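> Sequence and predicted structure below; questions after.
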Amino acid sequence: MSTHSLEIRPDGIAVVTLDVPGEAVNVLGRAVREDFAALFELLTNDESVRGVVLRSGKPDSWIAGADVGELATIRTSTDAERLSRDGQLLLDRLESLRMPVVAAIHGACLGGGLETALACGYRIITDHPRTILGFPEVKLGLIPGAGGTQRLPQLVGLRASLDMILTGKNVYPRKALAIGLVDELVHPAILLDIAVTRALELADEKRGTSSTRRRGLVDFALDDNPIGRGVVLKKAREQTLARTRGHYPAPLAALDVIAAGYDQGDEHGFREEARRFGELVVSPVARELTFLFFASNELKKDPGVDGDAPEPLPVDKLAVLGAGFMGAGIAAVAALQGTLVRLKDTDAAQVGRGLAAARDVFAERLEKRRITKHEFDDLRSLVGGTMDYSGFANADLCIEAVFEDVAVKQQVLREAESKLPADAIYASNTSTIPIGELATASQRPEQVLGMHFFSPVPRMPLLEVIVTPRTGVAATVTAVAYGKKLGKTVIVVNDGPGFYTTRTLAVYMNEAGFLLDDGADIVALDAAMVDFGFPSGPIKLLDDVGLDVAGKVAAVLGEAFGERMPRSRSLEKVLAAGRTGRKGKSGFYRYDARARKGEVDPSVYELLPTGAQRATYPVEEMQRRLVLALVNEAVRCLEEGILRSPRDGDVGAVFGIGFPPFRGGPFRYIDAVGAAEVVRRLEELDARFPRRFSPAPLLERMAHSGARFHPDLTRGSEPSFRTRQGG
Ligand code: NAI
C-alpha cells in the first residue's frame, strides 16, 4: 500500500496527500522515502504536471518527523551517516524538481517534516493551535539530519535558526510567519484552495518562491556578515554550555555544523551535518533520550492496569478540595482541557486567591497567544469557587489538595464523600501519606486512590497515580486516562509511604542533609549535583519545596522506614529555628532584596551541627552519596512492588524529580554503571555510614547474576531481572 495518494488536476497541479497507512501520524520511515523517490521520478517525467501541492491526509499532523524506531535500530555511526546523506539527497531532489512545490501544512510539522517543508518552494500553514513547527531533534540528543541545519539559516537567518535548533522548541503559526519560516497563514478550510492557487501562480511566474525575508539592519549586523555571526555563535556556545553543563553534545554539534555551512559553503555544511548526525545517533546520550521518548510513548498507551482494562469513565466535572498552590494548578489544567471545575476552600479569601492563580495560568497562555481572548473568558467561566460543597453532587472525580495532615485529609474525605455522587472517584494529591491510611475513613475505598501532581502543575509533566490493594480497576483506568487528558505522563504505583517519587527524592535530600551534618559546603554541594545533571541543587530544592514540608515528609518516612531513614540533624535544626525556605524568605539561601543570586545566608551555618567551619569534599563523593542513595531506594521500590516496572521508575524519576534525562533514569543508570559496580560502591559507603547504604537485595542478586533492568539494545540482550526471588 502506498504511503500517499496522487491526484493530477486538469490545471496541471499534482496534489500529493501523504497518509502513511496504519499510523496515527505521518513519519518519514523507509516506506515513505521509497515512495517519495518513485513519486519524484514520476513527477519529473510527467509533462502535464506544472506544479505540486504536498499535503497530509492525517487529521492534525502534516509530517511529525523521522521514524525514531528506525533510528533506534542503527548500530554504527556509518550507517546513521548514510541514512542522513540519503535523506539529504532525497530532499535535494524535491528542491530541484522542475516544477514549483507548495507545502500545505496543517498540524505538526516537525523534524524531518520541517526539513521536507524547507525543501519546498513555498510554505502555507493553517492558523490553528494544532499547527506547530520545530526541530525537536536535540530533545533526542540529535541534530536535524536531512539538510535542516543548512536550509533553515538560509531562510530565517542565524539567530532565529539557533533559537529553534538549539532548544527544540515549537514555533506557533504567527511566530512562524513573523520570522519568515512560512510564507502564508490561512484558515484550515481554505488551505488546499490557496495552495493550488499559489502553485499555479508560481508555475506561471506570477509569484516568486520564498526567501524574500525582509532584512533589517540588525539582521545585516548579526546574521549576514562573518564578524556579527562570529559573535552570535560564540555567545550561543557559551549559553549552551552553561545550560547543559556539557552533558548534551547535540546542541554543540548543531552550532559547529551551522557554522561550517556559513564558513565553507552548503556542500561542506551538508556533509558535516550527516557526519555529526551519524556520530550522535549512536551516542549514549541519544540512546537514553530515545529510551525516554519510547517509554513515555508506551505509557501513553498503557491503561495503568495489567490484563484486560475496562473503558475509563468520563470525567466532565471535577471537584477540587483546597484552593492552595496545588489545588489551583490542578483546577487550571483541568479547565484547559474543557473540564468544568468546582474549587472549594474554607474561606472566601482563599477561594479568591485560588481562582486568581488559575486565571494567571490562562493569562500566560493568552499572553503567549496560545489562546484567544474569547477562549480566555471561556476558561475563566469553567472554574467556579465554593466554600460549601455546592456543585459536588454532580462531580465525576474529586481531587483533594488540602494541608498535608492525615486527620485533616480524613475529615475532608468523610465530608466530601457524603456530598459526592455514589460513583464518584476520590483522589488525594498527598505527596507522602499512604493512600490506604486515608482510605480507612472512606465508605467506598474501591473508589479511592492517589493522584500525585508535581509543582508547578501546569508545567510539570508527571502524574503519579497511587493505588491501594482495595482500589478498583475502574477508578485506576479513569484516573490514568484523565491524567493523560491533562497532558501528563502517568505512572501507576502501588501504595506505600512516599510512594515512589517522594520516597526516592527524600533519601536523596536526606543524604544532602547528612553531608551538611558532616561539614559539606552548601554551595559546593548544590553545584556538585547540578554538575551531575540535576536541574537544581538539593539544598536549593529544600528551600523551594519548603523546609516545613520537607520536615513532614521526613517524619512520615522516618517513622515508616525506621533506622534506614534517620533524619539529618542539620535539617532538623534549621527547621527548629523557624526557617521555612523561600516562601518565608528565610532558609539556607538569602531571599532579602539585597541578596546576590544564589547567595547562602551565612547565619544558617551557625545552626548546623558542625558550625561555620566547612570541610572540602570531593565532588564525586558528594555525587555518589546522593545518587547511590536514590538509585538504591528506587530498586527497593521495584523489589517491593511499589513500581510496576523499571521503565516507570526511570520515567518517574526524570519527569517527576529531575533525575538527569541524559542518564535515562535510576535503572538505566545502574545498567550503565553495572549492578556489580553499584553494589561495590554501596558497600563501600555502607561500611562508612551503616544502614543508609545497604544494597537492595534485588540489586545484590543482579550483581551476582550479571542481569540488567533493560535490554542492552547495542547487544540485543534481554532484561533478566526478577522483582522477587524465583518470581
Ligand atoms: P497549600 O497550603 O497551598 O494549600 C492547601 C489549601 O487547602 C489551603 O488553601 C487551605 O485553606 C485549604 N484547606 C485546608 N483545609 C481545608 C478544608 N477542610 N477544606 C477545603 N480546603 C482546605 O498547600 P499545597 O502546596 O497546595 O499542598 C496541598 C497538597 O498537595 C498537600 O497534600 C501536599 O502534600 C500536596 N502536594 C504539594 C506539592 C507542592 O509542591 N506544594 C507537590 C505535590 C503534592
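Sure, I can see it. Numbers count the residues shown, from 1 in each chain.
> Excluding chain neighbours, what is closest to the residue most central in space within the chain?
Nearest to the mean C-alpha position of the chain, counting by Cα atoms, centre = their mean, stands Pro461 at 5.6 Å. On the basis of Cβ to Cβ, 6 or more residues apart in numbering, the spatially nearest residue to Pro461 that is not a chain neighbour turns out to be Phe655, at 4.7 Å. Any C-beta I mention is one placed from the backbone N, CA and C, and that applies to glycine too.
> got it, and Arg123?
Going by Cβ to Cβ, 6+ apart, Arg123 has Val182 as its nearest residue, at 4.2 Å.
> burial count for that neighbour?
Summarising burial for Val182: neighbours were counted as other Cβ atoms under 10 Å, giving 25.
> Make 35 the first number, not 1, from now on.
Sure, I'll start numbering at 35, so the last one becomes Val216.
> hang on, it is in a strand, isn't it?
No - secondary structure of Val216 (DSSP: H, G, I helix; E, B strand; the rest coil): coil, not part of a strand.
> any idea of the pLDDT on it?
Looking at Val216, its pLDDT is 97.
> correct me, but Leu189 touches Ala210?
No - here Leu189 lies out of contact with Ala210, judged by Cβ atoms under 8 Å, at a distance of 10.9 Å.
> List the contacts of the closest residue to Val230 other than its chain neighbours.
The shortest distance from Val230 to any non-neighbouring residue, by Cβ to Cβ, 6+ apart, is to Ile47 (5.1 Å). Neighbour list for Ile47: Val83, Arg84, Gly85, Val86, Val87, Val230, Ala233, Leu234, Ala237 [criterion: Cβ atoms under 8 Å, 6 or more residues apart in numbering].
> Next one: Ile47 from Val216, what distance?
With distances defined as Cβ to Cβ, to the nearest Å, the gap from Ile47 to Val216 amounts to 20 Å.
> how about the residues of the stretch 235-384 of the chain that lie near the ligand?
With the criterion set to Cβ under 6 Å from any ligand atom, the stretch 235-384 of the chain comes near the ligand through Leu355, Gly356, Ala357, Gly358, Phe359, Met360, Gly361, Lys378, Asp379, Thr380, Gln384.
> which residues are contacting the strand or helix carrying Arg714?
Secondary structure assignment for Arg714, by DSSP states H and E: helix 709-722. Taking Cβ under 8 Å, 6+ apart as the criterion, the residues outside helix 709-722 that touch it are 658-659, 662, 665-666, 704, 726-729, 733-734, 736-738, 740-742.
> In the stretch 485-634 of the chain, what residue comes closest to the ligand?
When distances are taken as Cβ to the nearest ligand atom, the stretch 485-634 of the chain reaches nearest to the ligand at Ser489, 3.3 Å away.
> Let me fix that, I meant to ask about the chain.
Closest point on the chain to the ligand, by Cβ to the nearest ligand atom, is Gly358, at 1.7 Å.
> so what's that residue up against?
Going by Cβ under 8 Å, 6+ apart, Gly358 touches Asp379, Gln384, Gly388, Ala435, Val436.
> Let me know the pLDDT of the second one.
By that I understand Gln384. Gln384 is assigned a predicted lDDT (pLDDT) of 97.
> what's the answer for the third one, then?
Per-residue confidence for Gly388 comes out at a pLDDT of 97.
> ok, the nearest residue to it once chain neighbours are set aside - contacts?
Of all residues not flanking Gly388 in the chain, Ala357 sits nearest, at 2.5 Å (Cβ to Cβ, 6+ apart). Residues in contact with Ala357, defined by Cβ under 8 Å, 6+ apart, are Ala365, Leu377, Lys378, Asp379, Gln384, Val385, Arg387, Gly388, Leu389, Ala391, Gly419.
> so where does the fifth one fall, helix or strand?
According to DSSP H and E, Gln384 maps onto helix 382-401.
> Distance from that helix to the middle of the chain?
Helix 382-401 sits 24 Å away from the centroid of its parent chain (Cα atoms, centre = their mean, to the nearest Å).
> tally of neighbours for Ala223?
When counting by other Cβ under 10 Å, one arrives at 8 neighbours for Ala223.
> What residues does Gly690 make contact with?
Phe488, Met494, Leu496, Glu498, Thr535.
> Identify the residues contacting the third one.
Put plainly, it is Leu496. If you count contacts by Cβ under 8 Å, 6+ apart, then Leu496 has Phe488, Lys522, Thr523, Val524, Ile525, Thr535, Val685, Gly686, Phe689, Gly690 around it.
> ok, the residue lying closest to Gly521 once chain neighbours are set aside - how many residues close by?
By the measure of Cβ to Cβ, 6+ apart, the closest residue to Gly521 outside its immediate chain neighbours is Val367, 7.1 Å from it. Other residues within reach of Val367 by the criterion other Cβ under 10 Å amount to 23.
> got it, and Glu129?
By other Cβ under 10 Å, neighbour count at Glu129 equals 15.
> is it true that it touches Ala153?
Yes - the pair Glu129 and Ala153 passes the contact test of Cβ under 8 Å, sitting 4.3 Å apart.
> okay, and for the stretch 185-334 of the chain, where does confidence drop off?
Under the criterion pLDDT under 70, the flagged ranges of the stretch 185-334 of the chain are 244-249, 251.
> where do the strands sit along it?
All strands of the stretch 185-334 of the chain, identified by DSSP state E, counting those that start in this stretch, fall at 218-220.
> now the helices for it?
Secondary structure of the stretch 185-334 of the chain by DSSP state H, counting those that start in this stretch: the helices cover 192-199, 207-212, 225-237, 251-256, 260-278, 283-298, 300-315, 318-335.
> Need those helices in CSV (columns: mean neighbour count).
Formatted as CSV, the entries for the helices of the stretch 185-334 of the chain read as follows, by neighbours: other Cβ atoms under 10 Å:
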stretch, mean neighbour count
helix 192-199, 22
helix 207-212, 17
helix 225-237, 20
helix 251-256, 14
helix 260-278, 15
helix 283-298, 21
helix 300-315, 21
helix 318-335, 18
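> The ones you listed: which one's closest to Ser637?
Distances from Ser637 to each of the helices of the stretch 185-334 of the chain were compared by Cβ to Cβ, and the smallest falls on helix 260-278, at 29.7 Å.
> Taking helix 318-335 as reference, get the angle to that closest one.
60 degrees (axes from the mean of the first three to the mean of the last three Cα atoms, to 10 degrees).
> How about residues contacting helix 260-278?
Counting by Cβ under 8 Å, 6+ apart, helix 260-278 makes contact with 192-193, 196, 200, 254-257, 285-286, 289, 292-293, 296-297, all of which sit outside it.
> returning to what we had before: if you rank the contacts of Gly690 by neighbours, which is first?
Result: Glu498 is most packed of the contacts of Gly690 (other Cβ under 10 Å), 26 neighbours.
> thought that one was touching Phe533?
Yes - counting by Cβ under 8 Å, Glu498 touches Phe533, with 5.9 Å between them.
> what touches both of these two?
Common neighbours of Glu498 and Phe533 are listed as Gly484, His486, Val527 (criterion: Cβ under 8 Å, 6+ apart).
> Also within reach of the ligand: list those from these.
Counting by Cβ under 6 Å from any ligand atom, no member of those reaches the ligand.
> ok, these vs Val315, which is closest?
Checking the shared contacts of Glu498 and Phe533 against Val315 by Cβ to Cβ gives Val527 as the nearest, at 33.1 Å.
> Near the ligand, which residues of the chain? Just list them.
Near the ligand, when you scan the chain using Cβ under 6 Å from any ligand atom, you find 355-361, 378-380, 384, 435-438, 442, 446, 463-465, 487-489.
> just to revisit the earlier point, I'd like the helices of the stretch 185-334 of the chain laid out as JSON lines, including distance to Arg43.
What follows is the helices of the stretch 185-334 of the chain, written out as JSON lines (distance: least, Cβ to Cβ, whole Å):
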{"stretch": "helix 192-199", "distance to Arg43": "34"}
{"stretch": "helix 207-212", "distance to Arg43": "27"}
{"stretch": "helix 225-237", "distance to Arg43": "7"}
{"stretch": "helix 251-256", "distance to Arg43": "39"}
{"stretch": "helix 260-278", "distance to Arg43": "44"}
{"stretch": "helix 283-298", "distance to Arg43": "37"}
{"stretch": "helix 300-315", "distance to Arg43": "34"}
{"stretch": "helix 318-335", "distance to Arg43": "38"}
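> That'll do, ta.
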